[in-house]
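>>> Whatever this is, show me its structure:
(4 chains)
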4 protein chains.
Amino acid sequence: MTVTQRETSHNPTPDSDGPVGVWLNGARGSVATTAITGLLALRAGMADSTGCVTDTGMLRDAPLAEWTDIVVGGHDIVDTPLEKKAESLVDSGVIPAPVLAAVRGSLPAVERDLRTGYDAGTETGPLAEVIDRLAGDIEEFRDRHGLSRVVVINVSSTEPPVEHRPEHDDLDALTRSLADPDERALPASSVVAYAAFRAGCGFVDFTPSTGARLPALEMMAQRERVPFAGSDGKTGETLLRTALAPMFTCRALHVLSWAGVNLLGGGDGATLEDPRNARSKLSSKSGVLPALLGEDVTAPLHIDNVPDLGDHKTAWDHVSFEGFLGVRMSMQLTWSGVDSTLAAPLVLDLARLTAAAHRAGHVGPIEELGFFFKDPIGTDEHALAQQAQVLSTWAGGLNGHSDN
Amino acid sequence: MTVTQRETSHNPTPDSDGPVGVWLNGARGSVATTAITGLLALRAGMADSTGCVTDTGMLRDAPLAEWTDIVVGGHDIVDTPLEKKAESLVDSGVIPAPVLAAVRGSLPAVERDLRTGYDAGTETGPLAEVIDRLAGDIEEFRDRHGLSRVVVINVSSTEPPVEHRPEHDDLDALTRSLADPDERALPASSVVAYAAFRAGCGFVDFTPSTGARLPALEMMAQRERVPFAGSDGKTGETLLRTALAPMFTCRALHVLSWAGVNLLGGGDGATLEDPRNARSKLSSKSGVLPALLGEDVTAPLHIDNVPDLGDHKTAWDHVSFEGFLGVRMSMQLTWSGVDSTLAAPLVLDLARLTAAAHRAGHVGPIEELGFFFKDPIGTDEHALAQQAQVLSTWAGGLNGHSDN
Amino acid sequence: MTVTQRETSHNPTPDSDGPVGVWLNGARGSVATTAITGLLALRAGMADSTGCVTDTGMLRDAPLAEWTDIVVGGHDIVDTPLEKKAESLVDSGVIPAPVLAAVRGSLPAVERDLRTGYDAGTETGPLAEVIDRLAGDIEEFRDRHGLSRVVVINVSSTEPPVEHRPEHDDLDALTRSLADPDERALPASSVVAYAAFRAGCGFVDFTPSTGARLPALEMMAQRERVPFAGSDGKTGETLLRTALAPMFTCRALHVLSWAGVNLLGGGDGATLEDPRNARSKLSSKSGVLPALLGEDVTAPLHIDNVPDLGDHKTAWDHVSFEGFLGVRMSMQLTWSGVDSTLAAPLVLDLARLTAAAHRAGHVGPIEELGFFFKDPIGTDEHALAQQAQVLSTWAGGLNGHSDN
Amino acid sequence: MTVTQRETSHNPTPDSDGPVGVWLNGARGSVATTAITGLLALRAGMADSTGCVTDTGMLRDAPLAEWTDIVVGGHDIVDTPLEKKAESLVDSGVIPAPVLAAVRGSLPAVERDLRTGYDAGTETGPLAEVIDRLAGDIEEFRDRHGLSRVVVINVSSTEPPVEHRPEHDDLDALTRSLADPDERALPASSVVAYAAFRAGCGFVDFTPSTGARLPALEMMAQRERVPFAGSDGKTGETLLRTALAPMFTCRALHVLSWAGVNLLGGGDGATLEDPRNARSKLSSKSGVLPALLGEDVTAPLHIDNVPDLGDHKTAWDHVSFEGFLGVRMSMQLTWSGVDSTLAAPLVLDLARLTAAAHRAGHVGPIEELGFFFKDPIGTDEHALAQQAQVLSTWAGGLNGHSDN
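Reported below is the predicted structural model:
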């Protein structure tokens, strides 16, 4: 007998209509592997859900799938076995050894739900064919597990910013271009978003890549009646900034400069060492302070690849501000976080919330999920407490909605 | 012709019914002198109101007195001339030299409104007589300037915690005890609160001293139909904590420990070097983290007198927390603030807001002012963003109230 | 066949006269277990000697025992199996799992060389009998392994400061007192030092306890012709201070204050939560700054027990200093170190160096080992670079000495 | 009667042969103005010499000019009056107001000794003529004040690195090229060095510019029998690094990465915002860690222009290191220094020491002054304590030398 991911028969609660899927693009990476391992541990009752917002009182009224009702699959362009990746995350302190030991037996079932992703660096032929393949993989996953719906989440490496093309603004033109084997109208993250929408799935971009953020793709989401969210998970330094910058504002303290530096290693550190990729990340991060503090704040920001730090990211921020009668003061922060540890539970949260939004009939960008993102789609609100309020109210209200 | 504090004739706006007074207990101290100098600069249009919450959009709907409609007086037990104190604050970087130069000519008028305070260390005789004298000073100040109302704000040195006495729970028993020359039923801060209430004034305790926080004094405020607020202005490390601790909570991150150390010099540093006084301050500060994070957080806290730092307080906090799958992470903060600079504009804010509450008929503790305090009277809400929301809504609503 | 600690036949080099022993008092504690595990790994060639000063170029001329020529035993008053303690140190990140895996098979041999120590809290009877027993254990260890000499190193928990007694100044009086079953003339650390000297061994106090620092014990060392060293291994914040304070001095910058706070958990954190024990540690640490910077430096210092940090000690230092024309500046340091990781290699270094000194005929306090200690016996030199120079010169010169 | 810089008749001590001059290139800049103001205060006994190494015990045996025997002049390409510049430094907290008040009357005399410098951006004609003019200014200064010798110190803005030209290796070729009005064989700092040597003066480069660091200029110094020193004064982050990196080395701790960021405003911040200028500074700073820790250390380094910080430079360093058994630990530093305050006393020190070296017959690079520099000429020794030792020994030995 094959052990499947869900071993118990589905017993829908009034709030649910069956198990849901989360499909991870970049499923063999650090964030995904941590999310998968953690989900298995949560399903098995072997770990508590520290770090998962959806299990807090703030979202107690939201109609969310149980951990035991979530099935995971995904795409990746590398073929590192999940188990091997998980072991490396044990070595680097991201996954505790007992957690891996407890769920190791369940990894092969997930492994069987992983498929080869789209490698923009090597694949030729029309993107339309790539999209057919990716969407087919997702649909087949949904059918195989009898899932009510699937949320596709991009957790692959950050891409450079995309250059504008006319097709980005016109879904028909885009679709025509995708059929042309000589055109590459979309970056990989957007190919994935397109495939997700084609398969009738919600899409979340946890990275600063382009993903669904093109007018043509937003039209596609509207046409397919699916929600999407993003972008760039807010996990460390930016999270702190969106908690702290409002403190200065509400106390009428005038922030003059907010300088930052991020040290990180691991795959993320290596990816961001390429200035083209760093540009996406820096751009995603750099909107936050002007939105919260005004355009005149001086805000130099660096990301350095420091391989020995691995997934243990260290960020230092220096804030210089002016108080009563123009007197100068300052504040410093050092954040020592484990990036995948911070990101993985949010990925699971976003899967639950986007599935609930999809079920409730939400179509297009979900700006109420701005709480999770550095560069939230559809809103300029960056203040964390306000975002939490918006999220809580919205998610509580999903109960009343209906997708019928 | 004698130059008075208000040189223009009073021209009440629809939101106002005449000039208001702020009476500072500890008027020759650093916070008071900074507030006085700053108020004179604001009245003269020589400084902007950075650091004053009441001039931000958050309180735009509140019916507040104009800066030009605020008159200041106060008590102190030392006799350092205001001007000399202001000069020492120039030397220590709290008041910019040009600001003092601009308002120096207006200081003598304030000086003429200062009176000798109650010195618990030397004065004998019944406290009732002290209270008569203090209340008389305040009433005479109100009459002299034709003020619609006066707010008394305690900014004197921190006292040790008071020991409970039965009179503290019974206003009549307290009043009898005050008449007894051999009894000292109240600490100085509470004598001031009693006198304020007697004079029909609102009272604010900006320090962690006992002030109005005794049942008998609350009864007195109810009887005299006056509001009061406190206690212990939230200006630095605690302000940060109330902005940051909710970030951990709303992200389901489990804070294990939050250690802190405060280095400061000046009068405050010297006062808090006495462990009895430090006890009040530490107690006032130490309620915040358990309220926000739960009782199991380890939270050692120190206050050290480092004379060379003067008014430039430096606080370091170290937060250790647990994320997904039990992984440990940490955060550090260093706050380098100028205490009087941070406190003074809040004192002015509290004068305006308490006067508006008084006018609107608010009686007893104003829990909606919790935003300003480390140990807010009447509420357990410590989260800064929530406090700001409560404040904004309440202050906006004062418009509709009436004191008739 | 029983596996012994040294499996190869002894092949003395010209610099050596046989294997040496290190006898750890507190052998089942974190520092000792890390040192033991590490020594086994070094002997097996499974680890490099990062953190061991004796393997650096600075001491290349010193006639030191090879790692393979060092045998370890010890006393403890608890009976936690070494292997179990080592496993707990794996869990807390002090010993890497592969290192324990590599040496696990060698731990039982060390376990067989551990004996029950002196428990001052429970043992009755004359201390002379305790000393007989302890010295006997050490001599038997030396004989059993055919060791040329043994160095006894105290790595047990910090004791409170001892109160002076007349016997402390007079070896004969002390010896008489030890025979009295009703007298407790020495704290445990000094009982151990006495036993070490009695057994003809050098003694090192790696803790701030009293150890050999009593005139009567120094006489004893002289009489027995053995060396001793101490006290209180310099591993973290104090190490930094002795590297940095001389920077200010040599640049003529005037340090006004140097405040510090230490956060730590583990056994050390719990021990130091008792103010009596903390007094020894604070006293040991607090001599450094006045010696380096002058008596007028303000230097508040705290040690807090923060259990969640375990062995991961975090220290924050804030330095305020004055430069040209009296301008104020500041510096902050945060040290995040693993105490046992920092201490263990120094324990091995001290074993090698004290054995070499013993062999070279050094008698009494070895002030040239001040490099290793917060409170170096026999010298006021605290500047790290100067201490390194003294150590290097002295150790290089041991070659020429002779114990014949 | 004109007030001159030295009002008392010269009374040579046995260690001296008359007053000496210091000629500052960039005399109207922040460092120079602070040095000039400070020197005047020292000469007048109005300030103590905190920050001046030459007044410490370390250099007590060196035959140095008295403060009252030092006369100052210089070149600059801007014409801001010294007094105005000094006032701006009062505003920014570099010069205390009472110090300026005390020496204001002496500034005009210095002002009269300032001349127009060489502006590489606008001046045409052969550099030989520029050199004639600059050398003439210096000689005339020496004659006018009857100075035994003059030390020229470059404290002007950092230049970009120079591109190699064949003339840089050949003094005759260089001299020919300088006569050609169409050639610009030397950057401004090297023109100044050439002029200094031509005038028979020692030269110090306190900046990372090229200065005397060209083989042809070293030949020139040899030919003119003058000493020179440099480069790039070690005042903040790099000073700390050279004090701390040796700590790790001597404790056999393996530094994996040492990341740094520098935030500064003022003229220096603006100059270094140009990446070409920053290249010189980063290159000068970046040799230190590999020399002290080995080539494999990861050491990203940034310099950010944060205008609001002015002269108050803040640097953050994060050090990640490996200890016993490969365990990872870390350290962080924040340095908040006032650049001109740190630099100015070293400029005065270098004037005294270079004058003494010149008098003692030292010719060519003075590698013993490496203590003062980020990128010391003629030596790879960066460890601060070793540099201090070398300096002290060398300076003490200048007594016995002779320039006859």
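
>>> need the longest helix for chain A.
Secondary structure of chain A per DSSP state H: the longest helix is helix A:339-359.

>>> Tell me how far that one lies from the chain's centre.
Offset of helix A:339-359 from its chain centre (CA atoms, centre = their mean, to the nearest Å): 7 Å.

>>> avg pLDDT for it?
What helix A:339-359 shows for mean pLDDT is 97.

>>> Which neighbouring elements make contact with that helix?
strand A:20-25, helix A:30-43, strand A:70-76, strand A:149-154, strand A:202-205, strand A:227-230 (3 or more CB pairs under 8 Å, 6 or more residues apart in numbering or on different chains; DSSP states H and E). (Glycine included, C-beta is placed from N, CA and C.)

>>> With just CA atoms, put it into PDB.
Listed next in PDB are the C-alpha coordinates belonging to helix A:339-359 (Å, rounded to 0.1, in the frame of the first residue of the first chain):
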ATOM      1  CA  ASP A 339      15.300  33.400   7.100                       C
ATOM      2  CA  SER A 340      13.700  30.100   6.200                       C
ATOM      3  CA  THR A 341      12.400  29.700   9.800                       C
ATOM      4  CA  LEU A 342      10.700  33.100   9.500                       C
ATOM      5  CA  ALA A 343       9.400  32.600   6.000                       C
ATOM      6  CA  ALA A 344       8.100  29.000   6.100                       C
ATOM      7  CA  PRO A 345       5.200  29.500   8.500                       C
ATOM      8  CA  LEU A 346       4.100  32.500   6.500                       C
ATOM      9  CA  VAL A 347       4.100  30.400   3.400                       C
ATOM     10  CA  LEU A 348       1.700  28.000   5.200                       C
ATOM     11  CA  ASP A 349      -0.400  30.900   6.400                       C
ATOM     12  CA  LEU A 350      -0.700  32.300   2.900                       C
ATOM     13  CA  ALA A 351      -1.700  28.900   1.600                       C
ATOM     14  CA  ARG A 352      -4.500  28.700   4.100                       C
ATOM     15  CA  LEU A 353      -5.700  32.300   3.700                       C
ATOM     16  CA  THR A 354      -5.500  32.400  -0.100                       C
ATOM     17  CA  ALA A 355      -7.400  29.100  -0.300                       C
ATOM     18  CA  ALA A 356     -10.100  30.600   2.000                       C
ATOM     19  CA  ALA A 357     -10.200  33.800  -0.200                       C
ATOM     20  CA  HIS A 358     -10.500  31.700  -3.300                       C
ATOM     21  CA  ARG A 359     -13.300  29.700  -1.700                       C
END
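
>>> and the next element down the chain from it?
strand A:364-365 (DSSP states H and E).

>>> picking up where we left off before, Throw the helices and strands packed on helix A:339-359 into TSV and include mean neighbour count and distance to chain D, thanks.
Below are the helices and strands packed on helix A:339-359 laid out as TSV (neighbours: other CB atoms under 10 Å in any protein chain shown; distance: least, CB to the nearest CB, whole Å):
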stretch	mean neighbour count	distance to chain D
strand A:20-25	30	29
helix A:30-43	27	18
strand A:70-76	26	28
strand A:149-154	29	28
strand A:202-205	31	28
strand A:227-230	30	29
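
>>> Of all those, which one is nearest D:Ile153?
With distances scored as CB to CB, the stretch of the helices and strands packed on helix A:339-359 nearest to D:Ile153 is helix A:30-43 (52.9 Å).

>>> Show me what counts as buried in whichever strand or helix holds A:Pro246.
Taking DSSP H and E as the definition, A:Pro246 sits inside helix A:237-250. In terms of neighbour count (16 or more other CB atoms under 10 Å in any protein chain shown), helix A:237-250 has its buried residues at A:237-250.

>>> So what angle separates the directions of it and helix A:339-359?
Here helix A:237-250 runs at an angle of 80 degrees relative to helix A:339-359 (axes from the mean of the first three to the mean of the last three CA atoms, to 10 degrees).
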